[in-house]
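Novice: model the following, please.
(chains A and B)
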2 protein chains.
Amino acid sequence: MRIGYLGPDGTFSQIAANKAAAGTDSELTAYPSIAELAAAANAREVDAAVLPIENSLEGGINTTLDCLAFECDLMITQELLISVSQCLLSNSETITKIYSHPQPVGQSGRYLAKRYPGVPVTFTSSTAEAAMIAAGEDGAAAIGGEALAEIYGLGIVERGIEDVSTNTTRFVVARRDAEMPADADKTSVVFSVANQPGALYKMLSVFDIFGINMMKIESRPAKTVLGAYVFFVDINGTADDENIRRALEIVRYKATFFKVLGSYKAYQ
Amino acid sequence: MRIGYLGPDGTFSQIAANKAAAGTDSELTAYPSIAELAAAANAREVDAAVLPIENSLEGGINTTLDCLAFECDLMITQELLISVSQCLLSNSETITKIYSHPQPVGQSGRYLAKRYPGVPVTFTSSTAEAAMIAAGEDGAAAIGGEALAEIYGLGIVERGIEDVSTNTTRFVVARRDAEMPADADKTSVVFSVANQPGALYKMLSVFDIFGINMMKIESRPAKTVLGAYVFFVDINGTADDENIRRALEIVRYKATFFKVLGSYKAYQ
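Specialist: Predicted coordinates for the structure are as follows:
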């Protein structure tokens, strides 16, 4: 199996990809951005894309959600949870500049404000790029996973600098034309409702009528006008269940936009 | 009145701050980050903070939502909508690198993929910083508002490069110990529900019982464990309305976390 992931190497995406490939005879390919990775799976360049979808501190990963809802025709077949622990990496005694991706910076906000107030933070496109820059600049540090220290020859100044130590990123494995896994017990859908008072509440009442538990709801802009949203909803169960089949039939009929993103086994 | 906004000058935040100050005798102060701006209003260093809260393409501004919910004790007294049109700014014939803040890059994703595939994009902390860098580097371009061209002496390569031309950012004016404006007709609250099946649906049914229209719902991580969320809800009306007073009393009682973020006039 050809598995695509978000490069470069040494990031948490690679750890997730290795976990997805465990026990299979797979070839892993790194892609430079989430959009290019999703497009590669959509064009069947790879059999599966391992996409970061949500972080416990920073929330939904917008690009992945938008790709799944609007840009690609992929089905989620698996989810993976990866514990994320950020380190401050540097070879300098005195740190005068810090590099990292906006997500880890957001996750380490309190630590940075307390220990490095006023030290400028420059955003990079990945933690690996930050580590590469930090390795070559005097006074520079990077924020990223421990694995980067060895790859880029950096010292670990401090471990576990994230604000909350239960920092976890959820990844999904998404494939074109995938069949539903036999052990699936969770379904993700995305829909829009008409711009009318009470429309969202009425739509959610459909799930309630059929006794379906909504595990999660997340809103994202519909990308048309301010105030128009799509809703990502996770429910317990799959379309094999007659109640879910009937509920989703109604949601599909009433929604202004509707898409099933896949059924898969909920991570324990 | 002392009004704080997110600097540096030439960004859309300054345009919003000028709009908030229009017709008043106000002194405007730029702050380097949303967190420092909100903290300044919280510590009464400024009388009001003009905070970007939502973009029609990119969604909620995480730092502002988190500051209002968890970090500060501010009340929203006003909302402002600013039309955002991004330009590609450069003095170079051939563009080999692009600088900007992650939000404008996200807003111009399709344009960049089509016109500048493979050209590396470096994230900066503001569009003004991007413009400053682009002005000094050969082959560099910045993405940002038209106002930056004059301030940093850059040419406008192309106007309106955002993916959807109705790109709008919503700002809120937030103050410590503010009274409810007399013309308020909209209320923002944030709450968490117990981690039980159907808990969110039941909470929303409280608004339904009292005939209250929910204009918006947005979820953000509660920052504890993955799968725990807070919900930002906007409703029509204010606590002067007996139905809303009663509904919010129930929500406050049933919620595991509850905060009124303010009542203010909905932007027409």
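Novice: which residue packs closest to the one residue in chain A that gets nearest to chain B, ignoring adjacent ones?
Specialist: The minimum distance from chain A to chain B, using CB to the nearest CB, falls at A:F123 (3.1 Å). Using the backbone N, CA and C atoms, a C-beta is placed for each residue, glycine as well. Nearest non-adjacent residue to A:F123, counting by CB to CB, 6 or more residues apart in numbering or on different chains: B:F123, 3.1 Å away.
Novice: tell me, how many residues neighbour that neighbour?
Specialist: 21 (other CB atoms under 10 Å in any protein chain shown).
Novice: that one against B:V105, yeah?
Specialist: Yes - counting by CB atoms under 8 Å, B:F123 touches B:V105, with 7.0 Å between them.
Novice: thinking again about what came up before, so what's the residue of chain A closest to chain B bridging to?
Specialist: A:S100 (DSSP bridges).
Novice: that one against B:S125, yeah?
Specialist: Yes - assessed by CB under 8 Å, A:F123 is found in contact with B:S125 at 6.7 Å.
Novice: so for those two, which residues contact both of them?
Specialist: Shared contacts of A:F123 and B:S125, defined by CB atoms under 8 Å, 6 or more residues apart in numbering or on different chains, comprise B:H101.
Novice: contact partners for the residue nearest to A:F123?
Specialist: A:H101, A:P102, A:T122, A:F123, A:T124, A:S125, B:Y99, B:S100, B:H101, B:P102, B:V105.
Novice: what's the PyMOL line that selects buried ones from these?
Specialist: A single PyMOL command selects the buried members of the contacts of B:F123 (16 or more other CB atoms under 10 Å in any protein chain shown):
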select buried, (chain A and resi 101+102+122+123+124+125) or (chain B and resi 99+100+101+102+105)
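Novice: and which of the contacts of B:F123 is nearest B:D138?
Specialist: Closest approach between these and B:D138, by CB to CB: B:Y99, at 13.1 Å.
Novice: can you tell me the closest non-neighbouring residue to that closest one?
Specialist: B:A130 (3.8 Å).
Novice: just confirm the one you found is within a helix.
Specialist: Yes - judged by DSSP: H, G, I helix; E, B strand; the rest coil, B:A130 forms part of a helix.
Novice: and it, what does it touch?
Specialist: Taking CB under 8 Å, 6+ apart as the test, what B:A130 contacts is B:Y99, B:S100, B:H101, B:T124, B:A142, B:I143, B:G144.
Novice: repeat that for 10 Å
Specialist: B:89, B:98-101, B:104-105, B:121-124, B:140-144, B:148, B:152 (CB atoms under 10 Å, 6 or more residues apart in numbering or on different chains).
Novice: what's the answer for A:E36, then?
Specialist: Applying CB under 10 Å, 6+ apart, the residues contacting A:E36 are A:G4, A:L6, A:E45, A:A49, B:A113, B:P117.
Novice: tell me the residue in chain A that is farthest from the middle.
Specialist: Relative to the C-alpha centroid of chain A, counting by CA atoms, centre = their mean, A:E93 is the outermost residue, at 34.4 Å.
Novice: distance from the helix or strand where A:A20 lies to the middle of the chain?
Specialist: A:A20 belongs to helix A:12-21 when assigned by DSSP states H and E. Here the centre of helix A:12-21 is set off from its chain's centre by 13 Å, with CA atoms, centre = their mean, to the nearest Å.
Novice: got the CA positions of it in CSV?
Specialist: The C-alpha trace of helix A:12-21 is given here as CSV (Å, rounded to 0.1, in the frame of the first residue of the first chain):
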residue,chain,number,x,y,z
PHE,A,12,4.2,14.0,14.4
SER,A,13,2.6,13.3,11.0
GLN,A,14,5.4,10.9,10.2
ILE,A,15,4.8,9.1,13.6
ALA,A,16,1.1,8.8,12.7
ALA,A,17,2.0,7.5,9.2
ASN,A,18,4.3,4.8,10.7
LYS,A,19,1.5,3.8,13.0
ALA,A,20,-1.0,3.5,10.1
ALA,A,21,1.6,1.4,8.2
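Novice: and the helices in the stretch 1-150 of chain A, which stretches?
Specialist: Secondary structure of the stretch 1-150 of chain A, counting by DSSP state H, counting those that start in this stretch: helices at A:12-21, A:34-42, A:62-66, A:102-107, A:109-115, A:127-136, A:147-152.
Novice: include mean pLDDT when you put those helices into JSON lines, please.
Specialist: Shown next, in JSON lines, are the helices of the stretch 1-150 of chain A (pLDDT from 0 to 100):
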{"stretch": "helix A:12-21", "mean pLDDT": "93"}
{"stretch": "helix A:34-42", "mean pLDDT": "94"}
{"stretch": "helix A:62-66", "mean pLDDT": "91"}
{"stretch": "helix A:102-107", "mean pLDDT": "85"}
{"stretch": "helix A:109-115", "mean pLDDT": "88"}
{"stretch": "helix A:127-136", "mean pLDDT": "93"}
{"stretch": "helix A:147-152", "mean pLDDT": "92"}
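Novice: possible to save those helices as CSV with distance to B:A239?
Specialist: As requested, these are exported to CSV (distance: least, CB to CB, whole Å):
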stretch, distance to B:A239
helix A:12-21, 44
helix A:34-42, 42
helix A:62-66, 33
helix A:102-107, 33
helix A:109-115, 32
helix A:127-136, 45
helix A:147-152, 50
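Novice: which one of those lies nearest to B:G109?
Specialist: helix A:34-42 (6.9 Å).
Novice: wait, doesn't A:I217 sit right on A:V193?
Specialist: No - A:I217 lies out of contact with A:V193 (CB atoms under 10 Å); the separation is 12.0 Å.
Novice: give me the common contacts of the two.
Specialist: A:L200, A:L204, A:F231.
Novice: show me where the stretch 51-200 of chain A has strands.
Specialist: A:59-60, A:74-83, A:87-90, A:97-100, A:121-123, A:140-144, A:156-158, A:168-176, A:186-192 (DSSP state E, counting those that start in this stretch).
Novice: got the contact list for A:K97?
Specialist: A:90, A:116, A:119-122, A:133-134, A:137-142.
Novice: hey, which helix is longest across chain A?
Specialist: Counting by DSSP state H, the longest helix found in chain A is helix A:242-254.
Novice: now the angle from it to strand A:186-192?
Specialist: On the basis of axes from the mean of the first three to the mean of the last three CA atoms, to 10 degrees, helix A:242-254 is oriented at 20 degrees to strand A:186-192.
Novice: in terms of secondary structure, what does helix A:242-254 contact?
Specialist: Applying 3 or more CB pairs under 10 Å, 6 or more residues apart in numbering or on different chains; DSSP states H and E, we find helix A:242-254 packed against strand A:186-192, helix A:199-209, strand A:229-236, strand A:257-264.
Novice: can I get these in CSV including distance to B:Q268, mean neighbour count and mean pLDDT?
Specialist: Converted to CSV, these look like this (distance: least, CB to CB, whole Å; neighbours: other CB atoms under 10 Å in any protein chain shown; pLDDT from 0 to 100):
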stretch, distance to B:Q268, mean neighbour count, mean pLDDT
strand A:186-192, 23, 21, 96
helix A:199-209, 21, 18, 92
strand A:229-236, 20, 20, 92
strand A:257-264, 27, 20, 96
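Novice: that concludes my questions; thank you for your assistance.
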